[in-house]
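Visitor: turn this into a structure:
(6 chains, ligands or ions: 3)
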Amino acid sequence: MKYVIAIIQPHKLDAVMKELEDKEIHLKTVSNVLGCGRQKGRTEVYRGVKEAGNLIKKVKLEIGVNEKFLEQTIAAIVKGAKTGNIGDGKIFVMDLDEVVRIRTEERGGVAIG
Amino acid sequence: MKYVIAIIQPHKLDAVMKELEDKEIHLKTVSNVLGCGRQKGRTEVYRGVKEAGNLIKKVKLEIGVNEKFLEQTIAAIVKGAKTGNIGDGKIFVMDLDEVVRIRTEERGGVAIG
Amino acid sequence: MKYVIAIIQPHKLDAVMKELEDKEIHLKTVSNVLGCGRQKGRTEVYRGVKEAGNLIKKVKLEIGVNEKFLEQTIAAIVKGAKTGNIGDGKIFVMDLDEVVRIRTEERGGVAIG
Amino acid sequence: MKKILVVLSVLGLMLGAGMLFAEEAIAPATTPVCAVPAAVPVSPINTGDTAWILISTALVMMMTAPGLAMFYGGLVRRKNVLSTMVQSFFLLALISVQWVLFGYSLAFGPDIGHFIGSLKWMGLQGVGMAPNPDYAATIPHSLFMIYQMMFAAITPALITGAFAERIKFSTFVVFSLLWATLVYDPICHWVWGSGGWLRNMGALDFAGGTVVHISSGVTALIFALMIGKRKGYPDNPAPPHNMVFTLLGAALLWFGWFGFNAGSALGANELAVSAFIATNTAAATAALGWMCLDWFFNGSPTVLGGASGAVAGLVAITPAAGFVTPMGAIMIGIIVALVCYTAVVVIKEKFGYDDSLDAFGVHGVGGTVGALATGLFATKLVNAAGNNGLFYGNAHQLGIQAIGVLATIGYAVVVSFVLLKILDKTMGLRVNEEEELMGLDVTQHKETAYTLID
Amino acid sequence: MKKILVVLSVLGLMLGAGMLFAEEAIAPATTPVCAVPAAVPVSPINTGDTAWILISTALVMMMTAPGLAMFYGGLVRRKNVLSTMVQSFFLLALISVQWVLFGYSLAFGPDIGHFIGSLKWMGLQGVGMAPNPDYAATIPHSLFMIYQMMFAAITPALITGAFAERIKFSTFVVFSLLWATLVYDPICHWVWGSGGWLRNMGALDFAGGTVVHISSGVTALIFALMIGKRKGYPDNPAPPHNMVFTLLGAALLWFGWFGFNAGSALGANELAVSAFIATNTAAATAALGWMCLDWFFNGSPTVLGGASGAVAGLVAITPAAGFVTPMGAIMIGIIVALVCYTAVVVIKEKFGYDDSLDAFGVHGVGGTVGALATGLFATKLVNAAGNNGLFYGNAHQLGIQAIGVLATIGYAVVVSFVLLKILDKTMGLRVNEEEELMGLDVTQHKETAYTLID
Amino acid sequence: MKKILVVLSVLGLMLGAGMLFAEEAIAPATTPVCAVPAAVPVSPINTGDTAWILISTALVMMMTAPGLAMFYGGLVRRKNVLSTMVQSFFLLALISVQWVLFGYSLAFGPDIGHFIGSLKWMGLQGVGMAPNPDYAATIPHSLFMIYQMMFAAITPALITGAFAERIKFSTFVVFSLLWATLVYDPICHWVWGSGGWLRNMGALDFAGGTVVHISSGVTALIFALMIGKRKGYPDNPAPPHNMVFTLLGAALLWFGWFGFNAGSALGANELAVSAFIATNTAAATAALGWMCLDWFFNGSPTVLGGASGAVAGLVAITPAAGFVTPMGAIMIGIIVALVCYTAVVVIKEKFGYDDSLDAFGVHGVGGTVGALATGLFATKLVNAAGNNGLFYGNAHQLGIQAIGVLATIGYAVVVSFVLLKILDKTMGLRVNEEEELMGLDVTQHKETAYTLID
Ligand SMILES: Nc1ncnc2c1ncn2[C@@H]1O[C@H](COP(=O)(O)OP(=O)(O)O)[C@@H](O)[C@H]1O
Ligand SMILES: Nc1ncnc2c1ncn2[C@@H]1O[C@H](COP(=O)(O)OP(=O)(O)O)[C@@H](O)[C@H]1O
Ligand SMILES: Nc1ncnc2c1ncn2[C@@H]1O[C@H](COP(=O)(O)OP(=O)(O)O)[C@@H](O)[C@H]1O
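Guide: Ligands and ions are numbered 1, 2, ... in the order given. The predicted structure follows:
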């Protein structure tokens, strides 16, 4: 099993969610994060004091998937999030040892979906 | 070492924390996330515009543990979070390569607790 | 490739960011978390009702790096975040299977930076 | 199903108004409502007094929403903030209509048996611009009417602190309408209505210690007992989700309370000034007092303590505002801080009821303190139309005040208990467990206060 | 480049003031501005009336900011809240200066062809402390001037709801200044200015149904159509980011509206009381009405529905406030809830324009309902200086009201359209796509409302 | 330990009141406090004036909390918002009691050597309802007293902007009480007290440019220098955590300032109207001015700039409000925007002191600008009881104004410095480093403003 972490533009969340639904990937966890990447934030000014503003709002998706769903998960995220501009984001994939569905205490591949 | 990520119902946080304390698992990191799972959110309506509300507030726990503590960590989370209803959440377990305690620069199993 | 997760004191974020920049580690993702560790929070009181306040505001950094950058990433975080006092935080390192840069669909080591 | 019933009944209320209107439109010459007299030789209406009561009315309206709404809203959890706030806002709307249609008539209309007003003034028939000297000789009768409306609106809103985070909205609507009609309107008549028995007996209640605070406060306690505790109370306490809102609300309440108390002089006169000073002084003293108690017992002066103290001081000075000196106000402030602190911090914990935002602890207890203290500190030096209290040589007044307090408590408790029993059996008081966990905002109103990702 | 032009033009505006000052300072004896008469035997100025209009002026100021600013600010997304709020705040500042320099003169100055005021009162020359009986006989003329200023400030602020989350700030500044001068000032003169053609014709607009709400509301529609939809609208709706702010704003608007409507009596008199009651009653009824409709059609009474209903009721009662009975106010409240609900929930969706915060749906539609309803429910029983409406036997009045509505709509639409066309070609109405995605706060003002890590 | 001392001293303050009360209760006949005269043939009290000063008093109260509390609260970090807000709220309470007990007597009581009032009016003895023509001939003396109380409360609250995010709460309490007594009360007496030397000399300070703004502003600077910079300043700037609160606060300050300045006419008269107009005009002009400067120098008009400009304009017009024409107000608005912008953006950076929320930069500098500008733009055309300034041919007035400014600065600086030195050695001014990092909310008050998980 794999654990996919994707950092995307906030306004692309709806599109990515839709793509994932289309590919039958229903379960995911979403959170707010701040990205520091190539894309530069706007400088802010408060009473003349400038702030670099190098942290930009991003959305993070976390999805546990079985191996065979991995590629289509990645494809769905890319399809939903890609604009070709700097700031589109990244996808990180890690090995997932074990999954437990708390409700049923099932484990492994069957618990993931 | 293992890195445990648990997604639970917000109102179960206190119970889970208590179970973990009871099992002597003191160190953890908590954050707010939004879950999209089997549990369906309530539709919201603003001036007649309906919103699916399919993101539901959840709490995420992250716990780095030594292997021998893994099962009791899982057990504690399950005990605290399980109601048997949809939405109870998931536990994900990943391999943890290395841990550093910043204060002492200790590494490995000794640094985790 | 490695995925580094660091939990640090919020007021150390600027210092850690600076150290990472100095070591040419530009890309990272930042978020708010609550830590439960050795450091004890202050008790709060609302109309006589006491609350343990055992969750303390922390900042989480996530950095995907190529192996050869790992040690200097850890060193930079430690340098920026260490005060020697309880609460300084932890660094967790995990194996990273794959990275995708959404903008270009590049994968692997080249996509990480 | 039941919700539809509620909707229909509210619509019905308004349609009743429509019919009243139709009636009136057909025969406008016979019942001139709000007619401006064509040419009055020397108007009894004083513009300065009118100006002050106009703005006082606006201030009391502002106390309910946003004042109380923010104060209470900040104290609950994120998922319940809208449901809590909208209760105050909704009551402002509901009681505004109720009052115009029949509430004012029940409370202040021609007396029936010293107990309640008749329905003669329904739809404000006969409530015109000429001053009614029974109530206020120098301002339009209609102005007195709408000024009193704002008191009728805030009183049930105070109760909402007791059942926050678990009430069914539809039940709340029905309860509030019935309570306003069956509890508030009669008690208001007793104390302030021309012919009311407590007024006749000489009970002093300048701006509503019994009428507003005790009536709502004891109802709050009954309600808290009957609806039961919030899930997780008291083991997992729910700290205020936004103390800034609470402090903002407390400050707005303080601000608006000048309209509440100094406005109750019903003119821009010496009495208003005296009530204004007493109000501010008691609020300030009780805020300091509560913070000192906090400092002493918990090691820190808390912000919520300051806000709670100020509100408690304002509550306690309400019945006394027009009868006591500034030094009397200081004494009342000190006393109420001590008593309410004990009620909220010690007694509630001991008995274990979940008066969630301390509607009883602050309004019920503080109102009682104030009503009795009026019997101690009142002096004719401040208000010749009032009376002396115990410390000015008239022990009798304290007895009268006690009767007023007991009558109010007794009546409010009994009627509220009966109402709640009936509603509990029919509509149910409480949302189900899942709704409580999800929060009332989304389950009762299909909204959330704050976006999470945007 | 263009920004610098704007800066320069605003600075120019203020320097113009400087020159006016210089002029005046040189020859102070000839043009006494705001001089207090040394010794008036019997002052025509009534202190009670003056007190009420002073505080009413402050209340109307408060409606624009924080009232409207909070109401609108809560409805947008996090990244646009400051840009939305500052538009109201900025207009308060901008129009305050415009009004003093020339706006008041255009609107209320000596009549030119029943269409507009002359520039004779530029820089408030001749606008002194002696009452101007054409406008208000018992308060200083200067007080009438600044009271009206607050109406001139809030009117363009209402429009900002239509173009929220995508407007260029510099274009907004230029548009607002031109619109206030070319649209608001003339319409204001028609209806309220001495000699204005609608006033002469007998159109009734107590506190600004046409002048304030229709003029801004229809402009809002034109603006929404010309600037286009927000990116993602309507597929990805953006729920209000902070409903607490919106409810706070709505309550403050309600509070301030007493100054707006009851203040329009220009004295602390029976008419003010009557308008106060009508205002509160209509707001309450419409709030209940909207929530009932919500309950019926969506299964829950919404908080935003309550707030929207209250505002719609306040809008609709604005032109009628000084002419109708409380029962008339209830009818108007019911009607406007039905009509605005339909406009906002049904019609907007059908036509698909993005009137983002429903400036047209509430103010344009509600103002029209109110102006016409005044022709139905007005009665001389309430205000002898007014007139009867259809239901009191004078069908003619309804016709006059319709003319007022149509003239206002026609004029505002045409001039706004021309203005917007020109600005679209020159400055551009809209930020670019990246700026819209990043949000207006950071791109137009270099600020963000809330810190994320601190 | 020390905390207990503080608690005890505050309790002592209130017990002092208790004794005063006891005294008074024993011999009520001899010292009638707040007695309403039984039957006055022709009352000198004007209801319209009284109404206006009642509401003005409420408005000034509202400026301190929630106004200033929200304005300052939004500017700090999340972890310090409550501690910042509660300082204003607490001062409102503390000074309310201090003023009643002895503050009013020191400031306005029978003159001692043109420097300070005597303690004859302690506990408000002799401060009754009859107007005191030295201060205000048409309103109750008691009303004047409580109106002035609100000025005494907001003044120390302004200082809190300088030491935000690092002050020890207990030290703040002691400092504020001493400062109000030793600095505010005397300066207030000099300028406004009957017999005060600056008043005698003819210094013009309509609503508190020297008394309120300069005194607090320069104290703020001394405090900022002595308490030292916040950890991390200026390298890691802490942007405002909630600009919505700040804008809300600024708008409430603007609203309340009408009570502050127009209320200072002490009646609902022409002077009040004139001051109202000057106040609004200066605020508007300075807000526009600051935004233009922002636009020019930083490429964007900022929201915080608009808010800061409005406040600066209000500060500067404060001493001048009753003496200048609207055009004079525009000039003052332009000047203060330029000067305060420079002080806050350029000078502070250059000198490197950490006046955290610009209490000195806005109030100290703006107050000085206003006091001097009064010497330029004042004209007897506006206020015959005032005087002409330089531009109206009386250069002498500018000299008097300068003396007032210098005396205020000198006295406030010296006494504050001594006070702070003593407190620094005894109680300590500053929390320790760990407390500063954790934030003052949790370490000084055991509360946090916002829940994180709920
Ligand atoms: N190596 C990394 N580790 C952690 N987060 C990263 C990494 N690279 C990118 N990110 C996240 O992805 C976001 C987008 O990256 P950015 O460099 O701006 O765009 P792009 O991927 O198109 O070059 C960043 O803001 C950051 O949150
Ligand atoms: N495969 C997954 N990847 C990421 N998050 C998941 C996954 N499955 C479940 N979750 C998280 O767990 C939460 C609970 O899951 P849900 O399906 O609602 O309940 P249950 O586990 O009882 O079936 C979800 O809201 C989501 O946040
Ligand atoms: N084993 C762990 N798993 C998850 N988070 C941890 C773990 N250990 C520490 N943390 C995080 O690191 C933070 C700092 O740890 P703490 O024990 O307070 O300090 P120190 O590391 O200096 O002993 C904690 O608040 C928690 O968020």
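Visitor: OK, now which residue of the stretch 1-150 of chain D is nearest to chain F?
Guide: Closest approach between the stretch 1-150 of chain D and chain F, counting by C-beta to the nearest C-beta: D:Gly48, at 2.4 Å. C-beta here means a position set from N, CA and C on the backbone, and glycine is covered the same way.
Visitor: surely D:Leu94 is in contact with E:Ala284?
Guide: Yes. When contacts are counted by C-beta atoms under 8 Å, D:Leu94 is listed as touching E:Ala284 (7.5 Å).
Visitor: name the residue in the two with the higher neighbour count.
Guide: Of the pair D:Leu94 and E:Ala284, E:Ala284 is the one with more neighbours under other C-beta atoms under 10 Å in any protein chain shown, namely 30 against 22.
Visitor: what's the burial count for residue 87?
Guide: No chain in the question, so chain A it is. Around A:Gly87 there are 20 other residues, counting by other C-beta under 10 Å.
Visitor: look at chain D instead
Guide: As a burial measure, D:Gln87 scores 28 neighbours (other C-beta under 10 Å).
Visitor: tell me the bridge partners for A:Tyr3.
Guide: With DSSP bridges as the criterion, A:Tyr3 is bridged to A:Gly64, A:Met94.
Visitor: related to what we said a few turns ago, any idea which helix or strand carries the residue of the stretch 1-150 of chain D closest to chain F?
Guide: Here D:Gly48, judged by DSSP states H and E, is contained in helix D:47-62.
Visitor: restrict that helix to CA atoms and write it as CSV.
Guide: C-alpha atoms of helix D:47-62 as CSV (Å, rounded to 0.1, in the frame of the first residue of the first chain):
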residue,chain,number,x,y,z
THR,D,47,-37.9,66.9,22.6
GLY,D,48,-34.9,66.4,24.8
ASP,D,49,-36.6,63.6,26.7
THR,D,50,-37.8,62.1,23.4
ALA,D,51,-34.3,62.2,21.9
TRP,D,52,-32.9,60.4,24.9
ILE,D,53,-35.5,57.7,24.9
LEU,D,54,-35.3,57.2,21.1
ILE,D,55,-31.5,56.5,21.4
SER,D,56,-32.0,54.5,24.6
THR,D,57,-34.4,52.3,22.7
ALA,D,58,-31.9,51.8,20.0
LEU,D,59,-29.2,51.0,22.6
VAL,D,60,-31.3,48.3,24.3
MET,D,61,-32.1,46.8,20.9
MET,D,62,-28.3,46.7,20.3
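Visitor: what's that helix packed up against?
Guide: helix D:141-159, helix D:243-261, helix E:47-62, helix E:243-261, helix E:270-298, helix F:47-62 (3 or more C-beta pairs under 8 Å, 6 or more residues apart in numbering or on different chains; DSSP states H and E).
Visitor: please see if the following helix or strand past that helix touches chain E.
Guide: Counting by DSSP H and E, the next helix or strand C-terminal to helix D:47-62 is helix D:69-75. Yes. Remark: helix D:69-75 sits within contact range of chain E at D:69-70, D:73, by C-beta under 8 Å from any C-beta of the partner chain.
Visitor: filter these down to the buried ones, ChimeraX style.
Guide: Buried subset of these, written as a ChimeraX selection, criterion 16 or more other C-beta atoms under 10 Å in any protein chain shown:
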select /D:69,70,73
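Visitor: could you dump the residues of helix D:69-75 next to chain E to CSV with pLDDT?
Guide: Converted to CSV, these look like this (pLDDT from 0 to 100):
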residue, pLDDT
D:Ala69, 98
D:Met70, 98
D:Gly73, 98
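Visitor: thought D:Met327 was touching F:Gln125?
Guide: No. With contact defined as C-beta under 8 Å, D:Met327 does not reach F:Gln125; the gap is 9.8 Å.
Visitor: look at the two and report which has more neighbours.
Guide: A count of neighbours by other C-beta under 10 Å puts D:Met327 above the other of D:Met327 and F:Gln125, at 27 against 19.
Visitor: how about the secondary structure of that one?
Guide: Following DSSP: H, G, I helix; E, B strand; the rest coil, we place D:Met327 in the helix state.
Visitor: A:Ile74: which of the residues of helix D:69-75 next to chain E is nearest?
Guide: D:Gly73 (43.7 Å; C-beta to C-beta).
Visitor: which of the helices and strands packed on helix D:47-62 sits closest to E:Val211?
Guide: When the helices and strands packed on helix D:47-62 are compared by C-beta to C-beta, helix E:243-261 sits nearest E:Val211, at 11.7 Å.
Visitor: by how many degrees do that closest one and helix E:270-298 diverge?
Guide: Angle, helix E:243-261 to helix E:270-298, by axes from the mean of the first three to the mean of the last three C-alpha atoms, to 10 degrees: 150 degrees.
Visitor: tell me the helices and strands packed up against helix E:243-261.
Guide: Under the contact definition 3+ C-beta pairs under 8 Å, 6+ apart, helix E:243-261 sits against helix D:47-62, helix D:69-75, helix D:81-98, helix E:47-62, helix E:69-75, helix E:270-298, helix E:303-317.
Visitor: hey, which of these is tucked in deepest?
Guide: Mean neighbour count, computed with mean count of other C-beta atoms under 10 Å in any protein chain shown, is highest for helix E:303-317 among those, reaching a mean of 31.
Visitor: hmm, it in reach of chain D?
Guide: Yes. Counting by C-beta under 8 Å from any C-beta, chain D is contacted by helix E:303-317 at E:303-304, E:306-307, E:310.
Visitor: pull the number of nearby residues for the closest residue to D:Val345 other than its chain neighbours.
Guide: Leaving aside its chain neighbours, D:Val345 sits nearest to C:Gly48 (3.2 Å; criterion: C-beta to C-beta, 6 or more residues apart in numbering or on different chains). Using other C-beta under 10 Å, C:Gly48 is surrounded by 19 other residues.
Visitor: check D:Pro237 too.
Guide: Other residues close to D:Pro237 by other C-beta under 10 Å number 16.
Visitor: how close does the closest residue to chain C within the stretch 251-400 of chain D sit to chain E?
Guide: At 3.2 Å from chain C, D:Val345 is the closest residue in the stretch 251-400 of chain D, using C-beta to the nearest C-beta. For D:Val345, the distance to chain E equals 28 Å [C-beta to the nearest C-beta, to the nearest Å].
Visitor: model confidence score at the residue of chain A found nearest ligand 1, please.
Guide: Ranked by C-beta to the nearest ligand atom, the top residue of chain A for proximity to ligand 1 is A:Gly35, at 2.1 Å. We have a pLDDT of 95 for A:Gly35.
Visitor: helix, strand, or coil at it?
Guide: Reduced to three states by three-state DSSP, A:Gly35 is strand.
Visitor: that one reaches A:Leu55, doesn't it?
Guide: Yes. A:Gly35 is in contact with A:Leu55 according to C-beta under 8 Å; the separation is 7.0 Å.
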